[in-house]
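Visitor: Predicted model and sequence below, questions to follow.
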Amino acid sequence: MRWALVKVCLAVTAMVVVAFAVPLGLVVREMASDRAFSNAERQAATIGPTLSITTDPVQLRKAVETTQMGAVGRMAVHLPATDVRPPVDIGDGWAGERVVAETRRIGRATTASVHGGGSALLQPTALGSGDIAVVEILVPESEVSNGVTTAWLVLAGVGLALVVGSVGVADRLGARLVRPAERLADAAHQLGEGRLGARVPEDGPKELRSAAVAFNAMADQVVQLLANERELAADLSHRLRTPLTVLRLNTASLGDGPAAEQTRAAVEQLEREVDTIIRTAREQRPATGPAGPGAGAGCDASEVIRDRMAFWSALAEDEGREVRLAGVDRTVRIPVARPELAAALDAMLGNVFRHTPEGTPFAVDVHDASDAVIVLVSDAGPGIADPDAALRRGNDGGRDGSTGLGLDIVRRVAESTGGDVRLGRSVLGGTEVRVWIALDGRTRGGSGATRVRRGRRKRRGN
């Protein structure tokens, strides 16, 4: 499109330049020729007064030599024959006797081509005797074309400048038209590849602005639809995880026997199926790119933690677990969607109920730093023997029947903001899961990430 616009502008400008420059060049050439012959007519007229006084060849030769053209040998006077003398030619003639006779006969100025280049102007002049003398002026080709070459070069330069300028303007206009279209196409490709954060600046011509607005609205709608699906999957996890945990704990009291083993196997299989569904739903979440999670997605971590703790408190009361909650008495905004944070909390709390005995206390603490929010989930259970192994793909401590999904969900939530997850020994004596959620995205590769890596190396050294 851009090149097509340039070609159209080039063709139009070239036609305009040809239409005006060629006739103008011909006019300039004609003007130069008229100027040269007008000057020759004036020079021929200078000898007229002398011819009206005398026709004596000697006197006329002296008079011709005193003129500008005669002094350079470019003037000749042709006197007609009389009763007492033959025709007299003063100076060298260039046109020939036939042209001189024809000019004398018709009685008006004529021009004739001269052998070797140039032209001759023949001007008839009346004598006192009534006869007609012919004054001949040589006009060289250099005077006829004087200034024409320069004028043509100027016209060519102006025409070329117009063509180049029009092409430049057309290219800029084409770029202004094409660039928004290219951005729209690129954003469409990104959206097709799953980068839902792709958006188009709403600029350019009116039609392209309308297309950009429609595309952005469509992309927002797609993001909203996918968010609704993820929220539905999260709700499924919220509703099924706790009953499954209760069933799993209750199967421990069934004792031994084929029926008890079948029940436990069925509960474990059902739990694996639910984890598979949740994992599939989360792994299919498209990458939103730079303008994704941090550009509008977010929640109040304190409110979400209070809500999920209220959900799990009923089971904790049934199992006789003491629960401590701290740091959630004020608003703590984080760049994580509510369903994502809720799923991560459920994963960590589910691990507490799954991997610690009944009656084991646990705590949830929230610390709001300047550049990050830290969520601590700690318990008084037996702890994790190998924290590094548990963090590899979310092993949940390596217990039999674990799907490896819980800590992987937590890790993804933390890393989506530039943070990380740490496992260690809590003050209660058991496991502590520390989730580092960066607020400005600078922790990844920066000081926060360095602290996490150093902490892990230190634990491995210990």
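Guide: Received, thanks. Residues are numbered from 1 along each chain as shown.
Visitor: Please name the residues that touch S302.
Guide: 327-332, 366 (Cβ atoms under 8 Å, 6 or more residues apart in numbering). Backbone N, C-alpha and C define where each C-beta goes, glycine included.
Visitor: hmm, try it at 10 Å
Guide: By Cβ atoms under 10 Å, 6 or more residues apart in numbering, the residues touching S302 are 325, 327-334, 366, 368, 373.
Visitor: Check V169 too.
Guide: Residues near V169 by Cβ under 10 Å, 6+ apart: 6, 9, 13.
Visitor: List just the nearest of the contacts of S302 to V77.
Guide: Using Cβ to Cβ, R333 comes nearest to V77 of the contacts of S302, at 110.0 Å.
Visitor: SS state for G204?
Guide: coil (DSSP: H, G, I helix; E, B strand; the rest coil).
Visitor: and it, backbone torsions?
Guide: The phi and psi torsions at G204 (degrees, to the nearest 10) take the values phi 90, psi -170.
Visitor: Also P258?
Guide: Torsion angles, degrees, to the nearest 10, at P258: phi -60, psi -40.
Visitor: count of residues packed around it?
Guide: 7 (other Cβ atoms under 10 Å).
Visitor: And it, what's its pLDDT?
Guide: In this model, P258 is scored at 80, pLDDT.
Visitor: swap in K458?
Guide: In this model, K458 carries a pLDDT of 38.
Visitor: What of I277?
Guide: I277 carries a pLDDT score of 69 in this model.
Visitor: Report the two of the contacts of S302 separated the most.
Guide: Greatest spatial distance in the contacts of S302: L325 and R333, 18.7 Å, computed using Cβ to Cβ.
Visitor: And these two? Which one has more around it.
Guide: L325 (16 against 13).
Visitor: Helix, strand or coil: sort out the more buried one for me.
Guide: Classification of L325 using three-state DSSP returns strand.
Visitor: so it sits right up against R306, yeah?
Guide: Yes. Judged on Cβ atoms under 10 Å, L325 makes contact with R306 at a distance of 7.5 Å.
Visitor: Quick check: closest non-adjacent residue to the residue nearest the centre of the chain.
Guide: By Cα atoms, centre = their mean, the chain has its centre lying nearest to R179, at 5.4 Å. Nearest residue to R179 in three dimensions, chain neighbours excluded: G204, at 7.2 Å (Cβ to Cβ, 6 or more residues apart in numbering).
Visitor: A212 is in contact with the one you found, correct?
Guide: Yes. Assessed by Cβ under 10 Å, G204 is found in contact with A212 at 7.4 Å.
Visitor: Overlap in contacts, the two.
Guide: 180-181, 183-184.
Visitor: ok, which stretches of this protein are helices?
Guide: 2-45, 48-53, 57-66, 68-71, 97-106, 141-144, 148-192, 206-251, 258-283, 301-318, 338-355, 387-391, 406-415, 447-461 (DSSP state H).
Visitor: With adjacent residues omitted, what lies nearest to L138?
Guide: Leaving out its chain neighbours, the residue that sits closest to L138 by Cβ to Cβ, 6+ apart is R74, at 4.1 Å.
Visitor: Show the pLDDT at that neighbour.
Guide: For R74, the predicted pLDDT is 88.
Visitor: So it sits against A120, correct?
Guide: Yes. If you go by Cβ under 10 Å, R74 and A120 touch, sitting 9.4 Å apart.
Visitor: tell me, what's touching the two both at once?
Guide: Jointly contacting R74 and A120 under the rule Cβ under 10 Å, 6+ apart are 40, 94, 136-139.
Visitor: Just give me the closest of those residues to I409.
Guide: For these, the minimum distance to I409 (Cβ to Cβ) is 100.9 Å, reached by V139.
Visitor: List the beta-bridge partners for that closest one.
Guide: Under the criterion DSSP bridges, V139 forms beta bridges with S119.
Visitor: residue contacts, it?
Guide: Each residue near V139 by Cβ under 10 Å, 6+ apart is listed here: 33, 36-37, 39-40, 43, 69, 74, 94, 111, 114, 118-121.
Visitor: one more time with 7 Å
Guide: Applying Cβ atoms under 7 Å, 6 or more residues apart in numbering, we find V139 in contact with 36-37, 40, 118-121.
Visitor: same thing with N228?
Guide: N228 neighbours (Cβ under 7 Å, 6+ apart): none.
Visitor: Please tell me how far it sits from P339.
Guide: 10 Å (Cβ to Cβ, to the nearest Å).
Visitor: For the stretch 101-250 of the chain, which residues score under the pLDDT cut-off?
Guide: Residues of the stretch 101-250 of the chain meeting the criterion pLDDT under 70: 231, 233-239, 241-242.
Visitor: thinking again about what came up before, quick check: of the shared contacts of G204 and A212, which lies closest to V413?
Guide: Checking the shared contacts of G204 and A212 against V413 by Cβ to Cβ gives R183 as the nearest, at 31.6 Å.
Visitor: Which residue is the nearest non-sequential neighbour of the closest one?
Guide: Going by Cβ to Cβ, 6+ apart, R183 has V200 as its nearest residue, at 5.5 Å.
Visitor: Pull out the buried positions in stretch 421-433.
Guide: 421-424, 426, 428, 430-433 (16 or more other Cβ atoms under 10 Å).
Visitor: chain center to it: distance?
Guide: Computed by Cα atoms, centre = their mean, to the nearest Å, the chain-centroid distance of stretch 421-433 equals 49 Å.
Visitor: just to revisit the earlier point, and which of the shared contacts of G204 and A212 is nearest to V410?
Guide: Among the shared contacts of G204 and A212, R183 lies closest to V410 (Cβ to Cβ), at 36.9 Å.
Visitor: my guess is that closest one contacts R199, does it?
Guide: No. The pair R183 / R199 is not scored as a contact, 9.6 Å apart, by Cβ atoms under 7 Å.
Visitor: related to what we said a few turns ago, tell me how many other residues crowd the residue nearest to R183.
Guide: V200 has 24 nearby residues by other Cβ under 10 Å.
Visitor: and if you look at the one 3 residues further on?
Guide: Neighbouring residues of D203 were enumerated by other Cβ under 10 Å; the total is 12.
Visitor: gap between it and R183?
Guide: Counting by Cβ to Cβ, the gap from D203 to R183 is 9 Å.
Visitor: same question, M69
Guide: In terms of Cβ to Cβ, M69 sits 74 Å off from R183.
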